[in-house]
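*Asks:* Let's see this in three dimensions:
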Amino acid sequence: MTIVPTLPGPAGTQLRDEHPDDARSRTKPQVLARITGWAMHSPAGDTPPAAAQSVLAGASCASAVDPATAGPYARACRVPDFDRVRSLGRKGTRTMDRATALAVATVAGLGPDVVGHGRPDAVGTGLVLGTAMGSVQSTMDFTRDALTGDRPYLVDPARFPNTVMNFAAGQCAIWHGLRGPNATVIAGRVTGVAAVRYAIRLLTLGHARRVITGAVEELSPQRGWLESHLPGGPERLLGEGCGVLLLEPAETGTAGPVGDVVAVETGLAASPEATRRVLGRVAAAALDALPPGAVLDVHAPYDDRPGSVEADALTAALGGRPRPRVLPTTTTLGDSGAASAVLQTQVALGALHLRSTGRDGYALVTSLDTEGVVGALLLRHQWQDAPR
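*Replies:* Got it, this is the predicted structure:
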């Protein structure tokens, strides 16, 4: 019996009691949800295959930036040429922060078959959006104005909603006519994994017929100053971006054209020394869902350096399985904060779409945060849906 520290719910497991023969007896993976759509804004492009190509090529999206972009950081990975007015128009965007604008524009990328006012399925379409803490820039700017103004109450009231952590999710629902469940998830760099798990719970319990899930992070001088004061912060390459996935119930009976979520596992390490062990257990629990004879094609970690916690956890979880190709997503896209895990997920799915092996492809996404939260996703892309 192996105890896997993770949050309760139908999308994960708290207590495992499985004989080794039980895992070998499975002929195909249990699918938790179908991924039927995707959209992204990233420093490496606006489609997961394009971002995956950059990561596979070992490219870097870092460029010189001024202090108004990332504070003390002279270089960062910025979503190129993104402007909220140019992307969304002037109406309703005067006080919109960059994170919210990225989220609204990215959800729009799912297309009119998914989002838009007047759609009959709007009530059944939910949204789970992850963020660090809302817009750090909006919160700090509003607080500064209250402290430095002639009167504490002489602030711009139109900017106050931006300081609420669920502002981006609410704006996405308002802009795109989404009337289903609306939630904001915060779990550090593991936010993308937590958001997927929350979305699967909504589907499993029948609260929504489909769920848009993802996460967003912005570059700002305020975030830059905060990051620079964290351990290892001055050496970190910051990035930004937003990615969303459209999840539908596994009971649809057909493979998702983008892919399938096969396993979602999360855990909590009580101390930094326990992180490697807990993440190894979480990754092993996710890999238990691999069917006999299946090969793990790619691994998308947050920290892709050899000898890192994630590299060691993968080694322990793989056992005697062949090692997958590592996708250096953070090296290419930068540290995307709350959006890291979802961008890793989309790069992993994009890499599976670029394969030409003639068989189903599997990807493992792992993530960990400085607060001890860890997570893993196992994804599948069925070969018959791959472009030929």
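*Asks:* Grab the most central residue of this protein for me.
*Replies:* Val342 (1.7 Å; C-alpha atoms, centre = their mean).
*Asks:* looking at it, it is touching Gly214, isn't it?
*Replies:* Yes - counting by C-beta atoms under 8 Å, Gly214 is a contact partner of Val342 at 4.9 Å. Bear in mind the C-beta positions are built from the backbone N, C-alpha and C, glycine included.
*Asks:* which SSE is Leu245 in?
*Replies:* strand 241-249 (DSSP states H and E).
*Asks:* What's the mean pLDDT across that strand?
*Replies:* Per-residue pLDDT over strand 241-249 has a mean of 97.
*Asks:* What strands flank it, and is each parallel or antiparallel?
*Replies:* Counting by DSSP bridges, the strands paired with strand 241-249 are strand 33-41 (antiparallel), strand 210-217 (antiparallel).
*Asks:* Check the gap between the spatially most distant residue from the centre of the chain and Thr143 for me.
*Replies:* Largest separation from the mean C-alpha position in the chain: Asp150, at 41.5 Å (C-alpha atoms, centre = their mean). Asp150 is 16 Å from Thr143, where distance means C-beta to C-beta, to the nearest Å.
*Asks:* quick one: average pLDDT of stretch 191-201?
*Replies:* Across stretch 191-201, the average pLDDT comes to 97.
*Asks:* who touches that stretch?
*Replies:* By C-beta atoms under 8 Å, 6 or more residues apart in numbering, the list of residues contacting stretch 191-201 from outside reads 7, 9-12, 32-33, 126, 128-132, 183, 185, 187, 211, 213-215, 243, 245, 247, 261, 264, 266, 338-345, 365, 367, 373, 375-377.
*Asks:* Which among the residues you listed count as buried?
*Replies:* Buried members of the contacts of stretch 191-201, counted by 16 or more other C-beta atoms under 10 Å: 7, 9, 11-12, 32-33, 126, 128-132, 183, 185, 187, 211, 213-215, 243, 245, 247, 261, 264, 266, 338-345, 365, 367, 373, 375-377.
*Asks:* picking up where we left off before, could you single out the most deeply buried of the strands paired with strand 241-249?
*Replies:* Comparing those by mean neighbour count (mean count of other C-beta atoms under 10 Å), strand 210-217 ranks first with a mean of 31.
*Asks:* Pull out the buried residues from the helix or strand that it is followed by.
*Replies:* Sequence order places helix 221-228 as the next helix or strand after strand 210-217, per DSSP H and E. Across helix 221-228, burial judged by 16+ other C-beta under 10 Å covers Pro221, Gln222, Arg223, Gly224, Trp225, Leu226, Glu227, Ser228.
*Asks:* And stretch 257-265, by the same measure?
*Replies:* Buried-residue list, stretch 257-265, by 16+ other C-beta under 10 Å: Val258, Gly259, Asp260, Val261, Val262, Ala263, Val264, Glu265.
*Asks:* Correct me if wrong, but the fourth one is in a strand.
*Replies:* Which is Val261. Yes - looking at Val261 with DSSP: H, G, I helix; E, B strand; the rest coil, it is inside a strand.
*Asks:* how about Met96, secondary structure?
*Replies:* Following three-state DSSP, the label given to Met96 is coil.
*Asks:* Not including adjacent chain positions, what is the nearest residue to it?
*Replies:* Nearest non-adjacent residue to Met96, counting by C-beta to C-beta, 6 or more residues apart in numbering: Arg84, 5.6 Å away.
*Asks:* my guess is that neighbour meets Arg94, correct?
*Replies:* No - look at Arg84 against Arg94 with C-beta under 8 Å: they stay out of range, at 9.5 Å.
*Asks:* So which of these two has more stuff around it?
*Replies:* Neighbour count, other C-beta atoms under 10 Å: between Arg84 and Arg94, Arg84 has more, with 19 against 10.
*Asks:* Can you name the residues that contact the more buried one?
*Replies:* Neighbours of Arg84 in contact, by C-beta under 8 Å, 6+ apart: Thr93, Met96, Arg98, Ala101, Ala105.
*Asks:* before we move on, what about Gly256?
*Replies:* Ala33, Arg34, Ile35, Thr36, Glu248.
*Asks:* Okay, strands next: where are they in this structure?
*Replies:* 2-3, 15-16, 33-41, 63-64, 75-76, 125-130, 182-185, 210-217, 241-249, 259-268, 296-300, 325-326, 361-368, 373-381 (DSSP state E).
*Asks:* Sheet-wise, list the partners of the last one with their directions.
*Replies:* Each strand that strand 373-381 pairs with, and the sense of that pairing, follows from DSSP bridges: strand 259-268 (antiparallel), strand 361-368 (antiparallel).
*Asks:* Off-centre distance for the shortest one?
*Replies:* Spelled out, it's strand 361-368. Put simply, strand 361-368 sits 11 Å off its chain's centre (C-alpha atoms, centre = their mean, to the nearest Å).
*Asks:* Equivalent analysis for stretch 229-245, please.
*Replies:* Mean C-alpha position of stretch 229-245 versus that of the full chain (C-alpha atoms, centre = their mean) differs by 13 Å.
*Asks:* Flag every buried residue along it.
*Replies:* Gly233, Arg236, Leu237, Leu238, Gly239, Glu240, Gly241, Cys242, Gly243, Val244, Leu245.
*Asks:* and what of stretch 342-361?
*Replies:* Within stretch 342-361, the residues that qualify as buried are 342-353, 360-361, counting by 16+ other C-beta under 10 Å.
*Asks:* Of these, which belong to helices?
*Replies:* Val342, Leu343, Gln344, Thr345, Gln346, Val347, Ala348, Leu349, Gly350, Ala351, Leu352, His353 (DSSP state H).
*Asks:* Many thanks, we can stop here.
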